[in-house]
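Asker: fold the following, please.
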Amino acid sequence: MVSPIPMSVPHLTTALTGPILDLEQRILDAMPAIEQWLRGQWQDHVVPFYCSVDLRNSGFKLAPVDTNLFPGGFNNLSPDFMPLCVQAMLEGVEKICPDARNVLLIPENHTRNVFYLQHIATLQTIMRHAGTNVRIGTLRPEITVATTIDLPDGGSLTLEPVRRQGNRLGVEGFDPCAVLLNNDLSAGIPAILQNLEQTVIPPLHAGWATRRKSQHFTAYDSVAQAFAQLIDIDPWLINPYFAYCSKVDFREKEGEDCVAGHVDEILCKIRGKYAQYGVKQDPFVIVKADAGTYGMGVMTVKDGDEMRTLNRRQRNKMAVVKDGMPVTRVLVQEGVYTLERINQAVAEPVIYMIDHDVVGGFYRAHTGRGTDENLNAPGMHFVPLAFETTGLVPDREARLDNVPNRFYAYGVVARLALLAAALELEKGLDVARMPLSLVNQEA
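Answerer: Numbering: from 1, shown residues only. As a prediction, this is how the structure comes out:
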């Protein structure tokens, strides 16, 4: 019997139809070289345990615009993805707990968001199917006994207060070999998580208390350069321009000249590229907090002067992010249009990975936003990507205009962002060794 080809990217359908775009075709043509190159990278670098990547496909350009190392939204994946998730989870857990299978999962502190709790329940189910004993420990001080929460799908979730004994963390009657965080530490690194002898994944320095988007895209820039050389393309086609500003205070109008200057600089660079490739659209820039998630602290800008004339509402919106943390650094990033639509709603693909495997994704769609706007905003909805056929492997012998194969390009670019996250975390080890007081001061 011939062994099956190792799965790297599921065989899926996408929202786009019609001929394969030039960049996608270049990636498909180079599939064997790409997979060999990526295998070498996974051998040389420790990838994050799990990850989700927001992509934008403008037709001429396909690029990541955000990478989340504490992904939510596993509940938005199609149930068809469960076998892929379980297999990848099995491999990921074996790396961190080779002799045991007890894992403590620590979620975000908000317990009223039933959609997020449904995500945690889905993640727990995936891990249990992978042979892992999973308990959910909460950091919320008001939860002092095991608390069961009913979920909209008829299931339930039990949150238990975490207990620390010496340098080990667990819950009542449960001693895990690893602690899996689904809490992005936006508000800082709590002392109870410091100096544990168990493996903590992702590592503490992956949280937004210390992590910066500008550091991630600096790492991604080097990955994109190497990949572009591998398949002989312009790296700009997969890589958004960016810059960042520190010492920003939107309410006090501090740092706005830095932001405005970088906006104009990046717009000028984009215009040059648009002229080179014959793009007729107007360039735009996204200004967003250099740390944080949930689409907070994000705005679309088409002229640097807009940053000097923000009204009070705009300044207040940009001044704080999740957990009320003030914005003191911003990322100024090239905006990438999206071609994709789901039932007339503007959409963008979000790709999910466990270990180094793509395990699926969904479309984030928004009927009230334009092709040049942030879609991670109230009013968004999610449409799961679906299998086009029962096959799990992209058909390398099929015609290049086979619609499901275009998802391969999405999986490749998402894995480039995953590799960049691995490089980013390696460089962040020095921060991880800082005393807790200094880490929180840096945040």
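
Asker: can you show me the helices along the chain?
Answerer: 22-29, 31-44, 82-96, 114-129, 213-231, 256-277, 312-319, 407-427, 429-432, 436-442 (DSSP state H).

Asker: so which of these gets nearest residue 338?
Answerer: The closest of the helices of the chain to residue 338 is helix 407-427. By Cβ to Cβ, the value is 12.3 Å. (C-beta placed from N, C-alpha, C; glycine too.)

Asker: what angle separates the closest one from helix 22-29?
Answerer: 80 degrees (axes from the mean of the first three to the mean of the last three Cα atoms, to 10 degrees).

Asker: from the contact counts, what lies against helix 407-427?
Answerer: Of the remaining helices and strands, those touching helix 407-427 by 3 or more Cβ pairs under 8 Å, 6 or more residues apart in numbering; DSSP states H and E are helix 22-29, helix 31-44, strand 50-57, strand 62-68, helix 213-231, strand 345-354, strand 357-366.

Asker: returning to that earlier point: out of the helices of the chain, which one sits most buried?
Answerer: Compared across these, helix 407-427 shows the largest average neighbour count, a mean of 24 (mean count of other Cβ atoms under 10 Å).

Asker: hey, C-alpha coordinates of that one in CSV?
Answerer: Extracted in CSV, the C-alpha atoms of helix 407-427 (Å, rounded to 0.1, in the frame of the first residue of the first chain):
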residue,chain,number,x,y,z
PHE,A,407,-6.7,28.0,-0.4
TYR,A,408,-3.1,26.5,-0.6
ALA,A,409,-1.7,30.0,-1.0
TYR,A,410,-3.6,31.2,2.1
GLY,A,411,-2.1,28.3,4.1
VAL,A,412,1.4,29.1,2.9
VAL,A,413,1.2,32.8,3.8
ALA,A,414,-0.3,31.9,7.2
ARG,A,415,2.5,29.5,7.8
LEU,A,416,5.0,32.3,7.0
ALA,A,417,3.4,34.3,9.7
LEU,A,418,3.6,31.3,12.0
LEU,A,419,7.4,31.1,11.3
ALA,A,420,7.7,34.8,11.9
ALA,A,421,6.1,34.3,15.3
ALA,A,422,8.6,31.5,16.1
LEU,A,423,11.5,33.9,15.3
GLU,A,424,9.8,36.7,17.3
LEU,A,425,9.4,34.5,20.4
GLU,A,426,13.0,33.3,20.1
LYS,A,427,14.2,36.9,20.2
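
Asker: distance from the chain centre to that helix, please.
Answerer: How far helix 407-427 lies from its chain's middle: 10 Å, per Cα atoms, centre = their mean, to the nearest Å.

Asker: that one - what's its average pLDDT?
Answerer: Mean pLDDT, taken over the full extent of helix 407-427, equals 95.

Asker: returning to that earlier point: nearest to residue 179, of the helices of the chain?
Answerer: Ranking these by distance to residue 179, with Cβ to Cβ as the measure, places helix 82-96 first at 10.0 Å.

Asker: so what secondary structure elements neighbour the closest one?
Answerer: Applying 3+ Cβ pairs under 8 Å, 6+ apart, one finds that helix 82-96 contacts helix 114-129, strand 345-354, strand 357-366.

Asker: and the contacts of the first one?
Answerer: For helix 114-129, the external contacting residues (Cβ atoms under 8 Å, 6 or more residues apart in numbering) are 72-77, 82, 85-86, 89, 93, 103, 105, 107-108, 110-111, 134, 136, 149, 151-153, 155-157, 182.

Asker: so which of those residues belong to strands?
Answerer: Among the contacts of helix 114-129, the residues falling in strands (DSSP state E) are 103, 105, 107, 134, 136, 149, 156-157, 182.

Asker: restricted to buried residues, select these in ChimeraX.
Answerer: Selecting the buried subset of the ones in strands among the contacts of helix 114-129 in ChimeraX, with 16 or more other Cβ atoms under 10 Å as the burial test, is done by:
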select :103,105,107,134,136,157,182
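
Asker: would CSV of the ones in strands among the contacts of helix 114-129 with pLDDT and distance to residue 53 be doable?
Answerer: Rendered in CSV, the data for the ones in strands among the contacts of helix 114-129 read as follows (pLDDT from 0 to 100; distance: Cβ to Cβ, whole Å):
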residue, pLDDT, distance to residue 53
103, 97, 24
105, 98, 22
107, 97, 21
134, 97, 25
136, 98, 25
149, 94, 29
156, 94, 31
157, 95, 26
182, 97, 17
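
Asker: just send the ones in strands among the contacts of helix 114-129 back as a markdown table, with distance to residue 175 too.
Answerer: Shown next, in a markdown table, are the ones in strands among the contacts of helix 114-129 (distance: Cβ to Cβ, whole Å):
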| residue | distance to residue 175 |
| --- | --- |
| 103 | 11 |
| 105 | 15 |
| 107 | 20 |
| 134 | 13 |
| 136 | 15 |
| 149 | 24 |
| 156 | 24 |
| 157 | 21 |
| 182 | 20 |
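
Asker: in terms of pLDDT, where does residue 67 sit?
Answerer: Model confidence at residue 67, expressed as pLDDT, equals 97.

Asker: again with residue 59
Answerer: The per-residue pLDDT reported for residue 59 equals 88.

Asker: give the rounded mean pLDDT of stretch 122-131.
Answerer: Within the predicted structure, the mean pLDDT of stretch 122-131 is 96.

Asker: got it, and stretch 216-236?
Answerer: 97.

Asker: and if you look at stretch 161-177?
Answerer: 96.

Asker: so where's the chain uncertain?
Answerer: Scanning the chain for pLDDT under 70 picks out the ranges 1-20, 293-295, 323, 387-405, 429-443.

Asker: returning to that earlier point: now render the helices and strands packed on helix 82-96 as JSON lines, adding distance to residue 198.
Answerer: Shown next, in JSON lines, are these (distance: least, Cβ to Cβ, whole Å):
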{"stretch": "helix 114-129", "distance to residue 198": "16"}
{"stretch": "strand 345-354", "distance to residue 198": "20"}
{"stretch": "strand 357-366", "distance to residue 198": "24"}
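
Asker: list just the one of the ones you listed that sits closest to residue 28.
Answerer: The closest of the helices and strands packed on helix 82-96 to residue 28 is strand 357-366. By Cβ to Cβ, the value is 15.1 Å.
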